[in-house]
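J.: build the 3D model from these lines:
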Amino acid sequence: EVHLVESGGGLVQAGGSLRLSCAASGSTFDDYSIGWWREAPGKEREGVSCISLSDGTYYADSVKGRFTVSSDVAKNMLYLQMNSLKPEDAAVYYCIVAYGDDCSDPTYWGQGTQVTVSS
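T.: Numbering: from 1, shown residues only. All right, here's what the predicted structure looks like:
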C-alpha cells in the first residue's frame with residue numbers, strides 16, 4: 001500500500017504561483033504512474049497532470065503551459081508547480097498513484113490540499 005501526503009496548498013491571488021508537494025511512503029514510484037487530480041466545488045474530479053510509468057508527461061489542456069509536474073524518485077516526492085493561477089484552478093488537489101502506464105484510474109489517493117485563487 002502507498003501512503004500519500006500532500007502539502008503546499010493555500011490562498012493565492014490570480015496570476016500567482018504555488019508549488020504542491022506529495023510525499024509517498026510504503027512503496028517507491030518506480031512501479032507506478034504518478035500524478036495530480038483536482039476536485040472543484042460542484043464539479044467532478046479531473047486529472048491534472050501525470051508522469052507515466054514509461055516516463056511520459058501529460059497535462060490537462062486547461063493547465064498546459066502553466067503547470068509543471070516533476071518527481072524526485074530518490075526522495076519519493078512528487079511536485080506540481082502551478083504558475084499563472086486562475087480562479088478556475090481553485091480546487092482540492094490530490095496526489096495519486098496508479099498502476100499501468102497512465103493516471104486515468106488511480107489506485108491510491110492522498111488526503112488532498114486546498115488551493116484557493118482570489119480574483
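J.: what bridges to the residue nearest to residue 76 when sequence neighbours are not counted?
T.: With sequence-adjacent residues excluded and distances taken as Cβ to Cβ, 6 or more residues apart in numbering, residue 76 is closest to residue 24, at 4.4 Å. Just so you know, the C-beta spots here come from the backbone N, C-alpha and C atoms, and that holds for glycine as well. Going by DSSP bridges, residue 24 is paired in beta bridges with residue 4.
J.: and the residue nearest the centre of the chain, how far from residue 84?
T.: By Cα atoms, centre = their mean, the chain has its centre lying nearest to residue 36, at 2.3 Å. Residue 36 sits at a distance of 17 Å from residue 84 (criterion: Cβ to Cβ, to the nearest Å).
J.: mind listing what residue 9 touches?
T.: 18, 20, 92, 93, 113, 114, 115, 116 (Cβ atoms under 8 Å, 6 or more residues apart in numbering).
J.: pretty sure the residue nearest to the centre of the chain sits against residue 97.
T.: No - contact between residue 36 and residue 97 fails when scored by Cβ atoms under 8 Å: they sit 11.0 Å apart.
J.: and the helices in the chain?
T.: In the chain, no helices are defined using DSSP state H.
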